[in-house]
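Trainee: pasting the sequence and the predicted coordinates here, then a few questions.
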Amino acid sequence: MPDKNDNVTSNVKITRRGFVGSAAAGAIGLTIVKPSMVRGAEANRRIKVGVIGLGGRGAWIASLVNKHGGYEITAVADYFDSVAQSVGKRLGVDKSKCFSGLSGYKKVIASGIDAIFLKTPPCFFPEHVAAAVAAGLHVYVAKPVACDVPGCMTVSQAAAKSKAAGKVFLVDFQTRTDEMYIKGIDSLLAGDIGKVGMLCSQYIDESFPDPPRTKTIESRLQRLIWTNDVAIGGGMHVNADIHAIDVGLWMAGGQTPVSASGAGAVCKSNANGDTNLVYSLTFQFKNGLFLNHRGEHLRNSTRFASDCMAHCERGYINTQYAGDVKMFGRGVKFNGGKVVGLYGNGAKRNVAKFHECITKGDCSNPTVKPSIDATLTTILGRQAAAKCGTVTWDEMIKANKKVPVDLTGLKE
C-alpha cells in the first residue's frame with residue numbers, strides 16, 4: 001500500500017496504485033480479550049492489541065486502531081527491525097515490545113495481548129492465525145486469507161476453533177460494510193429485478209514495483225513487491241481481484257463456483273514475479289449462473305476499477321468500489337447512491353466492528369466463510385488462467401496444492 005494515505009480517503013482521489021496496498025513485509029501481533037473479561041465493567045476497558053506487519057497498509061490500520069480509542073497497542077512486529085522500531089515509536093509502543101524477524105509474531109502473541117491485527121503478506125497468515133487462535137486471541141486479518149488451498153483450510157479450521165472458544169474473528173473486506181452495497185445487493189437477492197442471469201466483474205490497476213530478484217526473497221517483502229509473487233502474495237488475481245470477485249459471490253447468493261475457465265498472460269517484458277497480469281475468466285455455478293471476470297494489472301494509465309454487475313430479467317445493478325451503486329429496471333425499490341470513501345471508511349467500520357464484537361461477546365464471525373470462499377475462488381481462477389483451460393472446484397480441493405515459500409537466508 002502506498003504511503004500517501006490521502007489517496008484512499010475519498011472516491012475522487014482513489015487510484016489504482018493506492019487501492020490494493022497491504023502491509024509491507026513482516027508481522028505484527030494483536031491483543032485478544034477473554035470473554036470473561038469483556039462483559040460488565042470490564043467491557044469498558046481498552047483492549048490490548050498487537051499489530052503484525054507494519055508496511056504501508058499495516059501502519060495505516062495501526063493508526064486507525066490507535067485513533068479508535070477502545071484499543072491500546074502494546075506490541076508490534078515487522079520483519080524489518082527499522083520498520084518495527086519507527087512505526088512502534090510513532091504508535092507509542094515501548095521499544096522492548098517492537099519485534100522483528102520471521103519469529104517476531106511469536107513474541108507479540110506471547111506479550112500479554114488480547115487481540116491481534118495481521119497485516120503481513122498473505123503467505124504468513126495461516127501460520128500466524130493458527131498461533132493466535134491457539135493462544136486464545138481475537139483475530140483481525142486482511143484479505144486474501146492465504147495464497148493456496150492448504151493455507152485456506154488452515155485458516156478455516158482455526159476460525160472454527162476461534163468461534164467455538166468464544167473469540168472474535170474478522171476478515172477486513174470493505175465492500176460488505178457499505179450501506180449502498182448492502183441495500184443494493186439485498187434488493188437484488190430479494191428478487192426485486194427478477195432472476196439473475198449473468199454476473200460480470202472487472203478489476204483494473206497499475207500493479208506494483210517488480211524489481212530484479214536478489215539472493216533471498218527479503219527484498220520482495222516490502223513496497224507491495226510481493227503481490228507479483230504467487231507464493232508470497234497469491235499473485236495479482238488472488239490479492240487484488242478478490243475484491244470484485246467477492247462482490248460477485250455475494251450477488252450469487254453465497255454460492256461457490258463449480259469450475260473456472262479462461263486464460264491469462266504476463267504481458268510485460270521485464271517481469272520478475274510469476275503472476276499473470278491480464279486474464280479473462282468465467283466462473284460457472286451449479287444453478288447455471290455464471291460470472292465473467294476480467295483483470296488487468298499493467299502500467300498503461302487505464303483508470304482504476306473494481307466493479308461488479310448483475311444482469312437480471314427485469315433490470316440490472318452495477319456496483320463500483322470508487323463510484324456508485326446503481327439499480328435500474330422494472331420493480332426497482334432501491335435506486336442506489338454514491339459510495340463514499342470506501343477504502344478508508346470501510347476499514348474504519350471494520351476496526352470499530354471488531355471492538356464492538358469483542359466487548360459484546362458477539363462471536364458469530366460472519367466475515368469468515370465468505371472471505372475464505374472468495375480466496376478459494378480466486379485461487380481457482382488463478383489456476384484456470386495459468387492452465388489456459390478449465391479447472392473444477394473439486395479438482396482444486398482434492399489436489400490441495402501447496403505453494404511453498406522459500407525462506408532461505410531470512411532472519412528469524
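Mentor: Arrived safely. Residues are numbered from 1 along each chain as shown.
Trainee: quick one: contacts of stretch 144-158?
Mentor: The set of residues that contact stretch 144-158 without belonging to it, under C-beta atoms under 8 Å, 6 or more residues apart in numbering, is 122-123, 125-127, 129-130, 132-134, 139, 141, 171, 230-235, 238-239, 242, 368, 371-372, 374-376, 378-379, 396-397, 399-403. From N, CA and C alone the C-beta is placed, and that goes for glycine too.
Trainee: one more: stretch 96-107?
Mentor: Applying C-beta under 8 Å, 6+ apart, the external contacts of stretch 96-107 come out as 26-29, 52, 74-81, 83-85, 88-89, 108, 111, 120, 124, 128, 131, 407, 410-412.
Trainee: tell me how far the longest strand seen in the chain lies from the chain's centre.
Mentor: Longest among the strand segments of the chain by residue count, using DSSP state E, is strand 196-205. With C-alpha atoms, centre = their mean, to the nearest Å as the basis, the distance from the averaged C-alpha position of strand 196-205 to the chain average is 18 Å.
Trainee: quick check: which helices or strands does that strand pack against?
Mentor: Contact analysis of strand 196-205 by 3 or more C-beta pairs under 8 Å, 6 or more residues apart in numbering; DSSP states H and E lists helix 16-19, helix 242-251, strand 290-297, strand 305-312 as its packing neighbours.
Trainee: now for the third one, which elements pack on it?
Mentor: Spelled out, that is strand 290-297. For strand 290-297, the packing partners by 3+ C-beta pairs under 8 Å, 6+ apart come out as strand 196-205, helix 235-239, helix 242-251, strand 278-284.
Trainee: would you map the strands across the stretch 51-200 of the chain?
Mentor: Secondary structure of the stretch 51-200 of the chain by DSSP state E, counting those that start in this stretch: the strands cover 71-78, 98-100, 115-118, 138-141, 169-171, 196-205.
Trainee: re earlier: among the helices and strands packed on strand 196-205, which is the most enclosed?
Mentor: Each of the helices and strands packed on strand 196-205 was assessed for mean neighbour count using mean count of other C-beta atoms under 10 Å. The highest is helix 242-251, with a mean of 26.
Trainee: for it, the averaged confidence score.
Mentor: Within the predicted structure, the mean pLDDT of helix 242-251 is 98.
Trainee: packing partners for that helix?
Mentor: helix 179-189, strand 196-205, strand 290-297, strand 305-312, helix 368-387.
Trainee: paired strands for the very next helix or strand once past the longest one, with orientation please.
Mentor: Right, the one you point to is helix 368-387. The first helix or strand that comes after helix 368-387 along the chain, using DSSP states H and E, is strand 390-392. Each strand that pairs with strand 390-392, with its direction, by DSSP bridges: strand 259-265 (antiparallel).
Trainee: now the partner strand: buried residues?
Mentor: Within strand 259-265, the residues that count as buried by 16 or more other C-beta atoms under 10 Å are 259, 260, 261, 262, 264.
Trainee: and those as a markdown table, adding distance to residue 46 and pLDDT?
Mentor: As requested, those are exported to a markdown table (distance: C-beta to C-beta, whole Å; pLDDT from 0 to 100):
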| residue | distance to residue 46 | pLDDT |
| --- | --- | --- |
| 259 | 48 | 98 |
| 260 | 45 | 98 |
| 261 | 50 | 98 |
| 262 | 48 | 98 |
| 264 | 46 | 98 |
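Trainee: which secondary element of the protein has the worst mean pLDDT?
Mentor: strand 31-32 (a mean of 39; mean pLDDT, DSSP states H and E).
Trainee: one step back: can you put the buried residues of strand 259-265 in TSV and add distance to residue 67?
Mentor: Below are these laid out as TSV (distance: C-beta to C-beta, whole Å):
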residue	distance to residue 67
259	44
260	40
261	45
262	42
264	40
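Trainee: from start to finish, how long is stretch 173-184 in a straight line?
Mentor: 17 Å (C-alpha to C-alpha, to the nearest Å).
Trainee: swap in stretch 274-287?
Mentor: 34 Å.
Trainee: likewise for stretch 138-157?
Mentor: Between the opening and closing residues of stretch 138-157 lies a distance of 15 Å (C-alpha to C-alpha).
Trainee: from the chain's centroid, how far away is that stretch?
Mentor: Mean-position distance between stretch 138-157 and its chain equals 10 Å (C-alpha atoms, centre = their mean).
Trainee: if any of the contacts of stretch 96-107 are buried, put those into a ChimeraX selection.
Mentor: The ChimeraX command for the buried members of the contacts of stretch 96-107 (criterion: 16+ other C-beta under 10 Å) is given here:
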select :26,27,28,29,52,74,75,76,77,78,79,80,81,83,84,85,88,108,111,120,124,128,131
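Trainee: which of the contacts of stretch 96-107 fall in helices?
Mentor: For those, the ones inside helices are 81, 83, 84, 85, 88, 89, 108, 128, 131, with DSSP state H as the criterion.
Trainee: beta partners of the residue lying closest to the fourth one once chain neighbours are set aside?
Mentor: Read that as residue 85. Once flanking residues are discounted, residue 85 sits nearest to residue 98: 5.2 Å by C-beta to C-beta, 6 or more residues apart in numbering. On the basis of DSSP bridges, residue 98 is bridged to residue 76.
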